[in-house]
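I would like the atomic coordinates for the input below:
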Amino acid sequence: MRPARALKVIWGGEPPMPVIVDLLFWLHLMALAMGIGGGIAMSQVGPRLIAATPDQRAPWWPLAMIYSRIAGAGLILLLITGPLLLWLRYGGIEGLNGWFELKMALVAVIVLTIGLSMRGMARLRRGDEGGGKLMKVAGPLTTLTAAAVALAAVFSFH
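Purely as a prediction, here's the structure:
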């Protein structure tokens with residue numbers, strides 16, 4: 001059953017817009033949890049992967065791949081649900097403060113740092129030890145940027 005049809009069955013007609021917005025907000029929070037959870041897991045697996053010799057890395061790769069995919073899926077969901085929530089709840093970006101602009105700039109930074117970290121991991125997997133150095137820099141920057149995004153979000157909307 002399609003999600004839209006399922007909602008119609010549950011509500012006996014069109015669901016009220018506040019319910020849809022609340023469900024999107026819930027999905028946004030779940031995506032945030034995925035990003036944070038995957039990031040915390042990678043903060044433990046990544047350094048062990050980098051420190052291991054190439055022949056000792058095999059047990060770490062499956063963990064690194066699944067945790068980075070969880071974090072990446074969370075990021076994609078955040079990038080989808082965030083604009084939808086802005087449009088449905090606030091009618092767009094008009095009237096939002098400077099904290100929101102900072103948040104958007106930091107979101108761009110976090111997309112960049114996650115991309116660099118993933119690139120570093122791909123390089124390391126191919127045997128290029130320089131990829132580990134890139135991961136060592138991009139990983140902590142991603143963590144700091146995520147904390148800054150969350151802080152800016154608090155001041156953007158409350």
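
Over to the residue lying closest to residue 114 once chain neighbours are set aside. Which of the three states is it?
Excluding its sequence neighbours, the residue lying closest to residue 114 (CB to CB, 6 or more residues apart in numbering) is residue 142, at 5.7 Å. (Each C-beta comes from the backbone N, C-alpha and C, glycine too.) Following DSSP: H, G, I helix; E, B strand; the rest coil, residue 142 is assigned to helix.

didn't residue 142 look like it was pressed against residue 112?
No - counting by CB atoms under 8 Å, residue 142 stays clear of residue 112, with 9.2 Å between them.

Which one's more surrounded, the two?
residue 142 (25 against 14; other CB atoms under 10 Å).

Quick one: residues contacting the more buried one.
Listed by CB atoms under 8 Å, 6 or more residues apart in numbering, the contact set of residue 142 reads 39, 110, 113-114, 117.

before we move on, what about residue 103?
Counted by CB under 8 Å, 6+ apart, residue 103 has contacts 149, 152-153, 156.

so after the helix or strand encompassing residue 43, what's the next helix or strand?
Residue 43 is part of helix 17-51 when elements are defined by DSSP states H and E. Using DSSP H and E, the helix or strand that follows helix 17-51 in sequence is helix 60-85.
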